[in-house]
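Novice: This is the structure alone, sequence omitted:
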């Protein structure tokens, strides 16, 4: 065989392996592919969580104010005797959030879906009027140009001197209903689809409805996600519009839109062209820790300090680490404060309220244990849904248009992974062939077996090391430079390393042992291993003893003692690799 | 001599007030929501009608601040007033509930509820 033939053989073997991997990925047998994709992303995030947001840029801007069961219990002292609270009470809450920080937030998102008006004394009119006052709706709501799309509406609110308030709504793609209450809210605020069971955080959603359906469901050209709406509100206040030309253009158009001019819908689909792969950080906000200490009198019952990726890599062995409780519990990433704590004020200073609210991007939501609005954070575990929005917003503030995109929805990532597997398998096969050539050379030069490890060691290290390094590099390259979700590095490692171990299943033990078998300890260990293997060997055993005639007719079934003796006499015969070609 | 005795009297009085639950030193809004001991809204009162500083005579449900107004105890939101001598006694009384046995299970995504922070009556 010529060298070209051998290279072709290596290529065929690697392509066969890659083709099999591609087929398995496409078939997604038992959901293994998608599950391992999520696992790879999650483990990567857990390992690198402490490195996210080193400058705390997003953390300084994004705050979460929540209501939970304890909040509702505490708020009984202030007339909140039912759930949900009346519109009057919620109006008071939003008014507090606007006022008590000393300055209003830069924008506010309420992760509550309002669909019904409630009873006659619920105070819905007060609620809507309060929102209209905060958003300065009387300035812009009658202008058609401000209703073209949600982004120009946000720009109009800011141009009018109001605070953009974004409220959740059911996705029009999932619910073909738009209630009167939602329509009244839509007239004075911005509605963004609440996200339910999404694998990747959407940015811009164009439903493709006809104009009549758009009007019926109050879809203004397209919808933006809550995080993008909040990010746009913040960017419109930045001189450079966060580097997004569309935001700069929006700011310029807003005044004209209020004056009556109608522009075409804003085009940001080219900038926010893919869903966001939400990156969860683990460094708790120092202000969160300080406020927790002030309010409860004790340090936050969670992991305070960030740790490096190496320690977090070791922590992935959850069996050894145990469930993260106490000081090992991850804190929420965003500055988080219960509304009841705010109202009671115990331990809080005015500066704390300013830190949470004034000029901040405030996300308001529930974290009721009995609700289903919880998401799985790879870092924190079960987290309230509002933290998903807050983290997505934090990602946008941190990374801007270079946010981490979810690759699985962009192109055939399975093909990319299969090509990587093919390349590594190809190198592995060539490495095995090189090893065999080295063995030929060792035999020809009568090199002592114990010296062969010096030759093979670096080779095996190169074969496995390169594979490990290439996958790690590809993962890092995709995340850091291409701003993509991590590739399924766990699946690729399993495939490539599994193949390499298979390819070297005979040569690797023989080569390694060949270099150390002169050591007495190794010899004893090898003898023990042989005994162990023979004891457990079952492949040629019969459950029932054969009859005498049948036994005589089966010469291939020698007594077990014979087998043991034969194998013990030639221990290396079975394991010795083929090291020379004829 | 008179000044010295006044300072002495003040030193005696201030700790006594603090033990009673601290002081409201400032009203932060022009109109304040008021509640009864059970949390039922009473109405609103203008901050100009209230004295400051005034002692905190009771703590209500959810940490509401009780002061004496027109001979009766009314409760205010802590958010609406500036107090002193209150938060020093705030201490957690319950551990944080967590789901054990699940990796990275976070059931504590905030400061906890008011039950974590009990003010001695």
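Specialist: Noted; the coordinates are in hand. It should be emphasised that the depicted structure is a prediction, and the values quoted were computed from it without experimental measurement.

Novice: what residue ranges in the stretch 1-150 of chain A score low on pLDDT?
Specialist: A:1, A:119 (pLDDT under 70).

Novice: Chain B contacts on that one?
Specialist: A:46, A:64, A:66, A:68-71, A:73-81, A:92, A:96, A:99-100 (Cβ under 8 Å from any Cβ of the partner chain). To be clear about C-beta, it is placed using only N, CA and C from the backbone, and glycine gets the same treatment.

Novice: out of the residues you listed, which are inside helices?
Specialist: Within these, residues falling in helices by DSSP state H are A:46, A:69, A:70, A:71, A:73, A:74, A:92, A:96, A:99.

Novice: Mind giving me the packing neighbours of the strand or helix carrying residue A:512?
Specialist: Assigning secondary structure by DSSP states H and E places residue A:512 in helix A:507-516. Helix A:507-516 makes packing contacts with helix A:413-444, helix A:449-476, helix A:520-536, helix A:571-575 when contacts are defined by 3 or more Cβ pairs under 8 Å, 6 or more residues apart in numbering or on different chains; DSSP states H and E.

Novice: Of all these, which one is nearest chain B?
Specialist: In terms of Cβ to the nearest Cβ, the element of the helices and strands packed on helix A:507-516 nearest to chain B is helix A:449-476, at 20.8 Å.

Novice: what packs against that closest one?
Specialist: Here helix A:449-476 touches helix A:413-444, helix A:489-503, helix A:507-516, going by 3+ Cβ pairs under 8 Å, 6+ apart.

Novice: redo that, cut-off 10 Å
Specialist: helix A:32-48, helix A:413-444, helix A:489-503, helix A:507-516 (3 or more Cβ pairs under 10 Å, 6 or more residues apart in numbering or on different chains; DSSP states H and E).

Novice: OK, contacts around residue B:79?
Specialist: A:78, A:96, A:99-100, A:339, A:341-345, A:348, A:353, B:28-29, B:32-33, B:63, B:65 (Cβ atoms under 10 Å, 6 or more residues apart in numbering or on different chains).

Novice: Cross those against strands and list the overlap.
Specialist: Members of the contacts of residue B:79 lying in strands (criterion: DSSP state E): B:32, B:33, B:65.

Novice: can you list the weak-confidence ranges in the chain?
Specialist: The chain I'm using is chain A. Scanning chain A for pLDDT under 70 picks out A:1, A:119, A:196-197, A:304-307, A:317-328, A:407-412, A:449-452, A:548-582.

Novice: you looked at the wrong chain, it should be chain B
Specialist: Scanning chain B for pLDDT under 70 picks out the ranges B:1-21, B:87-121.

Novice: Just the strands from it, written as ranges.
Specialist: In chain B, the strands defined using DSSP E lie at B:23-27, B:31-35, B:41-46, B:54-55, B:58-59, B:65-69, B:72-76, B:81-84.

Novice: so can I have TSV of those strands showing mean neighbour count and distance to chain A?
Specialist: What follows is the strands of chain B, written out as TSV (neighbours: other Cβ atoms under 10 Å in any protein chain shown; distance: least, Cβ to the nearest Cβ, whole Å):
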stretch	mean neighbour count	distance to chain A
strand B:23-27	19	10
strand B:31-35	19	6
strand B:41-46	13	4
strand B:54-55	18	16
strand B:58-59	20	9
strand B:65-69	21	8
strand B:72-76	20	7
strand B:81-84	19	7
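
Novice: Go through those strands and name the closest to residue A:406.
Specialist: Minimum separation from residue A:406 across the strands of chain B (Cβ to Cβ) falls at strand B:31-35, 46.0 Å.

Novice: That closest one vs strand B:72-76, what angle?
Specialist: 110 degrees (axes from the mean of the first three to the mean of the last three Cα atoms, to 10 degrees).

Novice: of the ones in helices among the residues of the stretch 1-150 of chain A next to chain B, closest to chain B?
Specialist: Closest to chain B, out of all of those and judged by Cβ to the nearest Cβ, is residue A:70, at 1.8 Å.

Novice: Counting neighbours, what do you get for that closest one?
Specialist: 24 (other Cβ atoms under 10 Å in any protein chain shown).

Novice: I'd say it and residue A:344 touch.
Specialist: No: assessed by Cβ atoms under 10 Å, residue A:70 is found out of contact with residue A:344, at 11.4 Å.

Novice: could the ones in helices among the residues of the stretch 1-150 of chain A next to chain B go into CSV alongside distance to residue A:542?
Specialist: Formatted as CSV, those follow (distance: Cβ to Cβ, whole Å):
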residue, distance to residue A:542
A:46, 51
A:69, 66
A:70, 68
A:71, 71
A:73, 71
A:74, 75
A:92, 84
A:96, 82
A:99, 87
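
Novice: Out of these, which comes closest to residue A:376?
Specialist: Closest to residue A:376 out of those is residue A:46 (12.2 Å), distances taken as Cβ to Cβ.

Novice: What is the neighbour count of the closest one?
Specialist: Residues near residue A:46, counting by other Cβ under 10 Å: 24.

Novice: ok, now how distant is the spatially closest residue to residue A:38 that is not a sequence neighbour from chain B?
Specialist: Excluding the flanking residues, the one nearest residue A:38 by Cβ to Cβ, 6 or more residues apart in numbering or on different chains is residue A:199, at 7.8 Å. Distance of residue A:199 to chain B, given as Cβ to the nearest Cβ, to the nearest Å: 19 Å.

Novice: which residues touch residue A:7?
Specialist: Contacts of residue A:7 by Cβ under 10 Å, 6+ apart are A:426, A:429, A:430, A:433.

Novice: Please apply the same query to residue A:30.
Specialist: Applying Cβ under 10 Å, 6+ apart, no residues contact residue A:30.

Novice: Can you tell me how far it is from chain B?
Specialist: Distance from residue A:30 to chain B, by Cβ to the nearest Cβ: 22 Å.
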